[in-house]
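Novice: have a look at this prediction, sequence included:
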Protein chains: 2
Amino acid sequence: MSAISTIDFKELKKEKDELVVRAGYLQRLIMAKKIPVMIVFEGVHASGKGRLSNELLLALDARYTDFYATHKPTEDELRRPLLWQYSVNAPTYGNINIYYRSWYSLYIALINQKFELNRYTDKKSLVKEIRDFEKTLIDDGTVLIKFYLNISKEKQMEHIRKMRENPRTMWRAQEYDAENDERYEQEMKKLLKDGNHSEAPWHHIEYDVRERAVNEMLRTVTSVLEKAIAEHDRKSSELKERDGKFKGPKDGALDGFDKCITIEKKEYREKLENLQQRMREVQYTLYQKKVPLFVVYEGWDAGGKGGNIKRLVEPLDPTMYIVNTTAAPNESERNHNYLWRFWTTIPKSGHISIYDRSWYGRLMVERVEGFATNQEWSRAYQEINDFEESQTNFGAIVIKLFLYISKEEQLTRFEDRQSDPNKVWKITDEDWRNREKWDIYVEAVNDMIEKTDKKNAPWIVINGNDKRYARVKALETIVEICEKKLYEKSGK
Amino acid sequence: MSAISTIDFKELKKEKDELVVRAGYLQRLIMAKKIPVMIVFEGVHASGKGRLSNELLLALDARYTDFYATHKPTEDELRRPLLWQYSVNAPTYGNINIYYRSWYSLYIALINQKFELNRYTDKKSLVKEIRDFEKTLIDDGTVLIKFYLNISKEKQMEHIRKMRENPRTMWRAQEYDAENDERYEQEMKKLLKDGNHSEAPWHHIEYDVRERAVNEMLRTVTSVLEKAIAEHDRKSSELKERDGKFKGPKDGALDGFDKCITIEKKEYREKLENLQQRMREVQYTLYQKKVPLFVVYEGWDAGGKGGNIKRLVEPLDPTMYIVNTTAAPNESERNHNYLWRFWTTIPKSGHISIYDRSWYGRLMVERVEGFATNQEWSRAYQEINDFEESQTNFGAIVIKLFLYISKEEQLTRFEDRQSDPNKVWKITDEDWRNREKWDIYVEAVNDMIEKTDKKNAPWIVINGNDKRYARVKALETIVEICEKKLYEKSGK
């Protein structure tokens, strides 16, 4: 008590008012410069996370601030990887998102508790996922501020006692689980000690005197934002290089696919029927074993992606698959990291997501057309490998198909489309423009396959010059990979 | 078998190919004209809903088609009204959304089964909600096509037997619950008979011969779309009147609020502290009793909404409330019915959603500025009453506050803002323009309060000329309404 009696609360109030005005001013800059901000509050039960995050919320403009609380995971959340909900709820550019508990609390809950549907067994790979997740966001310009609240045992017990004494808040005190709380604290201490696990430092706050804690928190937020704005301005003035030039021929994954491999109509029908039957069974087995499946289709314009996907989904139950087509990003997609829109469409356990073009746009059209800077697309190889690893760690099967056709075959198909009134809408000036950059695209795709063809998420180039051959080959590839993973592991 | 042997499958295949081309052509028109389309498939277990909806999916362009399946409701869904998930997943303008099972299946599941958290007891009010929901969508230009699949008992059993015979699909057959299925069929028959319950007719399809059913479905879809496009073109050419004119003074809810009621600083502090303490308890009780709360703030520019909301949320736990600010709609909001964005932010049971401006924009700024046609805003009184009734039927408390200040007081506040460097960003040219239309706004607000002040969702006009008085009055109103509903019903 004596320590508290020497605190000048009037002085603290004055400082707070100034900090609140400052925070409001900085938020308007953050918004104008479209910088995304994530602010995390972690700490044991009744350590002041609610009070402190509410004070921050009050200091900010509700139009550009979102609040996101981590609760006991729902079934929907347990059916997707750890970072799904946070990736989907990452801030829009210019927004400040406050996280009351975060991926750290969820990580600890998942490793400590036996939730049904929880597929994680490997702690280490989860910590790596967290690090990768934060790195991708920070590289994208996100300001990440992490608070860890410390509170004395006496003060914590006082908070809980107060709740218990009031009949209307009593039930809240009953939520306190001393054992759980201790486990949380132990795991957090390990993470806090391991400075290497993240690029964003933790800010510790002593909560015992609330008014002091509030000012400390606001001081940290304003000073980090000030620095981030200065850094943003510095970087904006840097020269940004973009690709789009051809560097000369070199060997790569696409070599040797110009030839035409054909298949007879009768053989095609028989094989297709057999494969579709097996694919339907694969789908039911995926569902039963709760394995998510990604099938990514990339390839040249008119390469036959649409017809291929049609043969894949024809036999399927529509309640458990979805086809995602990737066009130019819309307003809200442009206001997030390029991976965001794909996080929003990942399959939940047992479901299939099929992508007609995908996150690989970053390494093809965005690179070649200069929509992404050299720095951005160069970074994307690692980011994409990390993203796919997050999925396969969770138990997903990831299959990536590239539908290749020769330049001559493409010309034939373009001309066919142009002359068929039912298909003419499929061909645009852009297709012709892309065709002129054939060699530059070959180079980009060769780089892409070289750097993202991984054991957990392989690339398969399909010779697409004969449509029937390509359909059978693609479906066969998918069915065989899935059957191997689904039936060999645990026997038939 | 003899009936089937007379079917010309080759002829059916030819017709199907033509219908698919036609459907693709119509979808491109639907997309260009931005008409939203909802297509519902209902029917007993194994009646062909999956096969038929997949055929439709295959006929359409994945870029403008979404598929939405209704499963056993999740906790998130049970914590919101019946129509929440369908309102949120309504089609974007120009999109075709396919619903495998729909609000009809969910309705039957809710009335027949004892889900934890299921708050519905009144069947009749739910059927009314469904009718209102469909009417609002149809009035907004949505094309709603509802299919009910009929299948003979023999054919149904044959489907189930086939699933059972294959070891990889066996588990699916086990999902079949004859009793549940029968209850579903009985309830659906009642709804199908009651033609009055909806403006969108049901289309019955006999599934026994799949190829015939597919063509029947495609024929229906194409012919309904054709008619809808013609109707859309006809309506587009009609003259659309818009408001924005002053019709002359008349008595209304805002009369008599120009006077200034003040409160002493000391009394203000004491009352505020007491009310905030009670509000915090109200929040915990809402959570414990799983009651959602809506607090809607409307009022003149500079009427003090922000400061008022701040006093309301100051004492609250931030993990259970959210402040939604309503600005001009963004791209995806403009591509939906005006109520859509509010459906996405309704509180789940036990939570509080506070609205800094709301769906009432339809009856104020959209009416006065002519963003909505006379027909649109005239219809909105009923639509809004229905929307709020959907919430209160589910057990929500809905409180609507209008912060009134006199024209003179507004001028003083505008000038204050203009001269304070920390507040100048708050005032825009638009505020001054709105001020010029003061009388037109008074008229619109008087109409609005007259027609939407309901017992289940009352309007309270607050005299805001003295900020302190308004803050205490608003908070007192909220606390008293909530305490009455929460504590009187079941005693303390």
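Specialist: Received it, and whenever you're ready, just let me know what you need. Quick caveat: nothing in here was measured; it's all calculated off a predicted structure.

Novice: please parse chain A into its domains.
Specialist: By the record's domain assignment, chain A is partitioned as A:2-236, A:265-488 (automatic domain parsing).

Novice: give me the pLDDT value at residue A:485.
Specialist: Turning to residue A:485, the model gives it a pLDDT of 96.

Novice: what does residue A:110 give?
Specialist: 91.

Novice: where does the stretch 1-150 of chain A have low pLDDT?
Specialist: Residue ranges of the stretch 1-150 of chain A with pLDDT under 70: A:1-5, A:117.

Novice: possible to save the domains of chain A as JSON lines with mean neighbour count and distance to chain B?
Specialist: Just so you know, the C-beta spots here come from the backbone N, C-alpha and C atoms, and that holds for glycine as well. As requested, those are exported to JSON lines (neighbours: other CB atoms under 10 Å in any protein chain shown; distance: least, CB to the nearest CB, whole Å):
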{"stretch": "domain A:2-236", "mean neighbour count": "17", "distance to chain B": "4"}
{"stretch": "domain A:265-488", "mean neighbour count": "19", "distance to chain B": "4"}
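
Novice: JSON lines please, covering those and showing distance to residue B:202.
Specialist: Putting the domains of chain A into JSON lines (distance: least, CB to CB, whole Å) gives the following:
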{"stretch": "domain A:2-236", "distance to residue B:202": "31"}
{"stretch": "domain A:265-488", "distance to residue B:202": "21"}
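
Novice: of all those domains, which one comes closest to residue B:389?
Specialist: Of all the domains of chain A, domain A:2-236 sits nearest to residue B:389, with 27.2 Å by CB to CB.

Novice: rewinding a little: ok, which of the domains of chain A comes nearest residue B:91?
Specialist: domain A:265-488 (15.2 Å).

Novice: ends of the closest one, what's the gap?
Specialist: With CA to CA, to the nearest Å applied, domain A:265-488 spans 32 Å between its terminal residues.

Novice: kindly report the same for stretch A:146-162.
Specialist: Using CA to CA, the two ends of stretch A:146-162 sit 28 Å apart.

Novice: now do stretch A:420-431, average pLDDT.
Specialist: Stretch A:420-431 shows a mean pLDDT of 91.

Novice: what does that stretch contact?
Specialist: With CB atoms under 8 Å, 6 or more residues apart in numbering or on different chains as the test, stretch A:420-431 has contacts from A:301-302, A:414, A:416-418, B:21, B:24-25, B:28.

Novice: go again with 7 Å.
Specialist: A:301, A:414, A:417-418, B:21, B:28 (CB atoms under 7 Å, 6 or more residues apart in numbering or on different chains).

Novice: now swap in stretch A:354-368 and tell me
Specialist: By CB under 7 Å, 6+ apart, stretch A:354-368 touches A:243-244, A:295-298, A:305, A:309, A:312-313, A:321, A:323-326, A:338-339, A:342, A:372, A:377, A:380, A:384, A:387, A:437, A:440-441, A:444-445, A:448, B:62.

Novice: 6 Å instead?
Specialist: The contact list for stretch A:354-368, computed with CB atoms under 6 Å, 6 or more residues apart in numbering or on different chains, reads A:243-244, A:295-298, A:305, A:309, A:323-326, A:338-339, A:342, A:372, A:377, A:380, A:384, A:437, A:440-441, A:444, A:448.

Novice: so which of these sit within strands?
Specialist: If you go by DSSP state E, those have A:295-298, A:323-325 in strands.

Novice: next, the contact list for residue A:34, please.
Specialist: A:93-94.

Novice: and with 10 Å instead?
Specialist: A:92-95, A:141, A:232, A:335 (CB atoms under 10 Å, 6 or more residues apart in numbering or on different chains).

Novice: same question, residue A:405
Specialist: Residues near residue A:405 by CB under 10 Å, 6+ apart: A:257-258, A:260, A:299-304, A:411-413, A:462-467, A:470.

Novice: and with 6 Å instead?
Specialist: Neighbouring residues of residue A:405 by CB under 6 Å, 6+ apart: A:300, A:303, A:464-465.

Novice: also residue A:479?
Specialist: By CB under 6 Å, 6+ apart, residue A:479 lies in contact with A:275, A:278-279.

Novice: name the element the nearest residue to residue A:119 once chain neighbours are set aside belongs to?
Specialist: With sequence-adjacent residues excluded and distances taken as CB to CB, 6 or more residues apart in numbering or on different chains, residue A:119 is closest to residue A:395, at 5.0 Å. Using DSSP states H and E, residue A:395 is not contained in any helix or strand.

Novice: if we can go back for a sec, which members of the ones in strands among the contacts of stretch A:354-368 are the farthest-apart pair?
Specialist: A:298 and A:323 (14.4 Å).

Novice: can you give me the strands in the stretch 251-400 of chain A?
Specialist: Assigned by DSSP state E, counting those that start in this stretch, the stretch 251-400 of chain A shows strands spanning A:293-299, A:321-325, A:352-356, A:397-404.

Novice: please apply the same query to the stretch 1-150 of chain A.
Specialist: Taking DSSP E, counting those that start in this stretch as the test, the strands found in the stretch 1-150 of chain A are A:37-43, A:65-69, A:96-100, A:143-150.

Novice: out of those strands, which is closest to residue B:71?
Specialist: That would be strand A:65-69 among the strands of the stretch 1-150 of chain A, by CB to CB, at 25.1 Å.

Novice: if I pick residue A:448, what's in contact with it?
Specialist: residue A:363.

Novice: and with 7 Å instead?
Specialist: Residue A:448 neighbours (CB under 7 Å, 6+ apart): A:360, A:363-364.

Novice: turn the strands of the stretch 1-150 of chain A into a markdown table, columns for distance to residue B:422.
Specialist: Listed next are the strands of the stretch 1-150 of chain A as a markdown table, based on distance: least, CB to CB, whole Å:
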| stretch | distance to residue B:422 |
| --- | --- |
| strand A:37-43 | 21 |
| strand A:65-69 | 18 |
| strand A:96-100 | 19 |
| strand A:143-150 | 23 |
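
Novice: which one of those strands lies nearest to residue A:269?
Specialist: For those, proximity to residue A:269 was assessed by CB to CB; strand A:65-69 is nearest, at 52.0 Å.

Novice: for the closest one, packing partners?
Specialist: Packing contacts for strand A:65-69, counted by 3 or more CB pairs under 7 Å, 6 or more residues apart in numbering or on different chains; DSSP states H and E, involve strand A:96-100.

Novice: adjacent strands (with direction) for the strand it packs on?
Specialist: The strands that strand A:96-100 pairs with in its sheet are strand A:37-43 (parallel), strand A:65-69 (parallel) (by DSSP bridges).

Novice: so which of those strands gets nearest residue A:102?
Specialist: strand A:37-43 (4.5 Å).

Novice: CA atoms of that closest one as CSV?
Specialist: Presented in CSV, the C-alpha positions along strand A:37-43 are these (Å, rounded to 0.1, in the frame of the first residue of the first chain):
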residue,chain,number,x,y,z
VAL,A,37,-1.0,-3.4,-37.3
MET,A,38,-1.5,-6.4,-35.0
ILE,A,39,-1.4,-5.9,-31.2
VAL,A,40,-1.3,-9.1,-29.0
PHE,A,41,-2.2,-9.4,-25.3
GLU,A,42,-1.1,-12.5,-23.5
GLY,A,43,-0.9,-13.2,-19.8
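
Novice: and the pLDDT at residue A:489?
Specialist: pLDDT, residue A:489: 58.

Novice: same check on the one 3 residues further on?
Specialist: You'll see residue A:492 listed with a pLDDT of 42.

Novice: let's have the contacts of residue A:448 in CSV, adding pLDDT and distance to residue A:190.
Specialist: Listed next are the contacts of residue A:448 as CSV, based on pLDDT from 0 to 100; distance: CB to CB, whole Å:
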residue, pLDDT, distance to residue A:190
A:360, 98, 36
A:363, 97, 36
A:364, 97, 41
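
Novice: which one of the strands paired with strand A:96-100 lies nearest to residue A:217?
Specialist: Residue A:217 sits nearest to strand A:37-43 of all these, at 8.7 Å, using CB to CB.
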